[in-house]
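In: model the structure of this input:
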Amino acid sequence: MDLHLKDLFDRFQEQFGSGPGLGPGSGTCLMKVEGVAPNFIKSIFKASAALYRTDPWRRLRPGHFFGIRVGKDLDWSAKKQLFPCVQFIGGDGGDIGFNMFRSENDAKKMTGSRETIRVPNVELLRVTYERESLMFPSNRKMIKSLSLEASGTDRFPVIDVARCTSSGDMQFRDPSLEELRFVYAFMRAISLVHPLLQVDREGGPKWSKLMHFEPFIETVDVQWPPEFSKGYDLVAVTVSHPPGQVYEEKATSTASSTPTKYAEPPKEDAFDDVKVCSNAGSRQCAMCDKEVHGEQSLCCGQCRAMVYCSPICQKQHWKETHKSICGLYKVMMEKEEELAMKIFMFPCAADQPCKWLESLDIHQKGMWRRRCSCYSHCPFGLLPVKGGLWDSWGGLDDEDYPRDSPFHNHLRDGISSPILLSGWLEYYNLRSLPLSSPVADILSHPLTVYHILTALSISSKNLLLKGKEVILHYLGPEGELDWMPAFAEVGHLLNGLGNIQIVMVGPEVPTNLSGTTSGIGSRVRVNLVRGVYQEEATYLPTPHVVVALNCGLDSYVSWVGALDLIKSRGTPAFFTDQNEISCTNAKKVLRSAGLHITLPVTPNPFRTPVKNQGTSCNLPLYSNGFVLGVNT
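Out: Down below sits the predicted model:
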């Protein structure tokens, strides 16, 4: 009898809530929401399950408000963010889920010490995780018919929009398609970033039991589900705690930095007086390539990106080149903080690579020998190899590099399928790597290739999902020729479905390696071919996709023949470069070659910062920073 009563009490608690929840809702069946396709429902439940696995309720309580911004205001019908404030509920008992509010003020009104306060005419979107046994029959039928992914063992999300009437009663309605898009983006983003919250042990009243966190803001790129978009659309999602956090502007001077003069942008070929600002290190004049140091250097006063050795060079560069693109450079510089890779706990942007590698105890070891110039005397692809994977990763601790082993327990509808990644955080979590591990610096190349094949190239993704082989032509390899152990990770991410043949073609392939084939695991094969692509392509298997990473497309005349070939064949092709400016310039090259750009310049979720020393501008640089595509 006692067990029976306990079971009834537990069911009552689950259904009607004992904590901050609002009790039973509308029993929304997403199949009845106009415009929502079954595959999008599957994606929502996948995102919900991924969030549940990160267990935010372990640390978060209703008093921890989050600001959320999905894309731009213009992306939404009312030209306004739908639910820019979010709280998690259920950490202390009751309904487990989260509430999304129209404003922070609404969130504060409805948040009590124990219960959610019913405030008349305040609308919120709520996602609660209910046990399947307590769900309405229509929801259970939807779950069964679509084989939807469970959150935990037997919980599933129920999404509805609630409003309290003036009489105190609750009204519920189904969410709209637009609201489902918004909550989907939030779930994908918050599951990646909430583990980054740092406890502020000095913050808040000392008597309070509520955990306090340091102010936090992070922007991640979330990919819309293929069935909802064209298959490659990304949206920037910014999460902040508390709401209203903004990126801090970088100070223009520090006590330890060397002063640099900033010249105001020329106006009608006239120059204003220079302004003093700071910038450490030496760079090259954008006009004459002369090396300039500290007080000798001038910067464009409008974009503050270009560096010059003298007013003469600045004036000449303004007339010939910079005048037409200064505004674009300014926009890029303003996005520097937003695009910064803040998640890693190792010093990413190393002006002196040898010192950076020494600080990690991997200098002149394994694959890291290609990250500085110490082995520049040794041809690409011919670094002496000592032995196993531990040596390849430079003797990093066992938990700091990915093991040559498959991913377990990753099934889709009961079968294996390629693992779709949203960025570094998800990958590091899957491999249980600490964020202090520097392996992203090398893995940027193979994971960018994998991202292109599974997220940007629809035809390649479809082939892999059918278990077929994708042939990829990889143009201009250099350091990658010594990073073959890292490319084994592509095979593991395929998760038992499909194969990839990578044909690396370029003049840096050593003569004695040209024509060789290597098996990188059971699902990836690499062929090496020395030569210029347009001259060798006739003898190669026809590609499904062409890739060129960090290509510097606007810098080499030799690309003309390759682009003509890509155009004549109509092959989907993807190019990456270090920053948005380089990719914008590359677009001009592609258009002049008659190629149709079908993928706009897009931040690459698998970019990693690289050194910026010696360049003529202050723009943030990344390995494989941005990607654009043609014929896709």
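
In: strands along the stretch 1-150 of the chain, start to end?
Out: Assigned by DSSP state E, counting those that start in this stretch, the stretch 1-150 of the chain shows strands spanning 66-70, 85-89, 97-101, 123-131.

In: so which of these gets nearest residue 534?
Out: Among the strands of the stretch 1-150 of the chain, strand 66-70 comes nearest to residue 534, with 42.9 Å by C-beta to C-beta. The C-beta positions use only the backbone N, C-alpha and C, and glycine is treated the same way.

In: what angle do the closest one and strand 85-89 make?
Out: If you take axes from the mean of the first three to the mean of the last three C-alpha atoms, to 10 degrees, strand 66-70 sits at 130 degrees to strand 85-89.

In: who does strand 66-70 pair up with?
Out: strand 85-89 (antiparallel), strand 234-241 (antiparallel) (DSSP bridges).

In: re earlier: of the strands of the stretch 1-150 of the chain, which is nearest residue 352?
Out: It is, among those and with distance given as C-beta to C-beta, strand 66-70, at 36.5 Å.

In: can I get the CA coordinates of the closest one in CSV?
Out: What follows is strand 66-70, C-alpha atoms only, in CSV (Å, rounded to 0.1, in the frame of the first residue of the first chain):
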residue,chain,number,x,y,z
PHE,A,66,20.3,34.1,-19.7
GLY,A,67,20.2,36.6,-22.5
ILE,A,68,19.7,35.0,-25.9
ARG,A,69,20.0,36.5,-29.4
VAL,A,70,19.4,34.4,-32.5
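
In: not counting sequence-adjacent ones, nearest residue to residue 426?
Out: Nearest non-adjacent residue to residue 426, counting by C-beta to C-beta, 6 or more residues apart in numbering: residue 192, 6.3 Å away.

In: cool, residue 559 as well?
Out: Using C-beta to C-beta, 6+ apart and skipping residues adjacent in sequence, the residue nearest residue 559 is residue 553, 5.8 Å away.

In: most neighbours per residue, which of the strands paired with strand 66-70?
Out: Of all those, strand 85-89 carries the top mean neighbour count, a mean of 24, counting by mean count of other C-beta atoms under 10 Å.

In: hang on, the earlier thing: okay, now the residue nearest to residue 426: neighbour count?
Out: Residue 192 has 24 neighbours, counted by other C-beta atoms under 10 Å.

In: can you check residue 521 too?
Out: 15.

In: count of neighbours near the residue nearest to it when sequence neighbours are not counted?
Out: Spatial nearest neighbour of residue 521, excluding adjacent residues (C-beta to C-beta, 6+ apart): residue 491 at 3.6 Å. By other C-beta under 10 Å, 23 other residues sit near residue 491.

In: and residue 491, how close does it get to residue 197?
Out: As for residue 491, its distance to residue 197 is 34 Å (criterion: C-beta to C-beta, to the nearest Å).

In: please apply the same query to residue 446.
Out: Distance, residue 446 to residue 197, using C-beta to C-beta: 30 Å.

In: for the two, indicate the residue with more neighbours.
Out: Taking neighbours as other C-beta under 10 Å, residue 446 and residue 197 compare with residue 446 leading, 25 against 21.

In: Three-state assignment for the closest residue in space to that one that isn't next to it in sequence, please.
Out: Once flanking residues are discounted, residue 446 sits nearest to residue 487: 4.5 Å by C-beta to C-beta, 6+ apart. Three-state secondary structure (criterion: DSSP: H, G, I helix; E, B strand; the rest coil) places residue 487 in helix.

In: burial measure for residue 487, as a count.
Out: Burial of residue 487 is recorded as 25 neighbouring residues (other C-beta under 10 Å).

In: got the contact list for it?
Out: Listed by C-beta atoms under 8 Å, 6 or more residues apart in numbering, the contact partners of residue 487 are 445, 446, 449, 480, 502, 520, 524, 526.

In: let's see it at 7 Å
Out: By C-beta atoms under 7 Å, 6 or more residues apart in numbering, the contact set of residue 487 is 446, 520, 524, 526.

In: mind checking what helix or strand follows the one helix or strand the last one maps to in sequence?
Out: Yep, that's residue 526 we're talking about. Using DSSP states H and E, residue 526 falls within strand 524-530. Toward the C-terminal end, the helix or strand that comes next after strand 524-530 (DSSP H and E) is helix 533-536.

In: and the nearest residue to residue 171 once chain neighbours are set aside, how many residues sit next to it?
Out: Leaving aside its sequence neighbours, residue 171 sits nearest to residue 163 (C-beta to C-beta, 6+ apart; 5.0 Å). Look at residue 163: counted by other C-beta under 10 Å, it has 16 neighbours.

In: other SSEs contacting the helix or strand residue 163 falls within?
Out: Using DSSP H and E, residue 163 sits within strand 155-164. Judged by 3 or more C-beta pairs under 7 Å, 6 or more residues apart in numbering; DSSP states H and E, strand 155-164 is in contact with helix 38-53, strand 123-131, strand 170-173.

In: let's go with 6 Å and repeat that
Out: Applying 3 or more C-beta pairs under 6 Å, 6 or more residues apart in numbering; DSSP states H and E, one finds that strand 155-164 makes contact with strand 123-131, strand 170-173.

In: need the winner for burial among the ones you listed.
Out: Mean neighbours per residue, mean count of other C-beta under 10 Å, is largest over the helices and strands packed on strand 155-164 for strand 123-131, with a mean of 21.

In: where among the strands paired with strand 66-70 is the average confidence lowest?
Out: Mean pLDDT per stretch puts strand 234-241 lowest among the strands paired with strand 66-70, at a mean of 86.

In: roughly how far is that one from the heart of the chain?
Out: Relative to its chain's centre, strand 234-241 lies at 11 Å (C-alpha atoms, centre = their mean, to the nearest Å).

In: go on, stretch 92-109?
Out: Distance, stretch centre to chain centre, for stretch 92-109: 27 Å (C-alpha atoms, centre = their mean).

In: quick check: mean pLDDT of it?
Out: Averaging pLDDT along stretch 92-109 yields 90.

In: next: stretch 356-369.
Out: 92.

In: quick check: buried residues in it?
Out: For stretch 356-369, a neighbour-count test (16 or more other C-beta atoms under 10 Å) marks 356, 357, 360, 362, 363, 365, 366, 367, 368, 369 as buried.

In: among those residues, which lie within strands?
Out: Within the buried residues of stretch 356-369, no residue falls in strands by DSSP state E.

In: what's the closest of the residues you listed to residue 506?
Out: Lowest distance from residue 506 to these (C-beta to C-beta) belongs to residue 367, with 18.4 Å.

In: distance of that closest one from residue 475?
Out: Separation of residue 367 from residue 475 (C-beta to C-beta): 21 Å.

In: just the contacts of residue 487: which has the poorest pLDDT?
Out: residue 520 (90).

In: A helix includes the residue nearest to residue 521, no?
Out: Yes - assigned with three-state DSSP, residue 491 falls within a helix.
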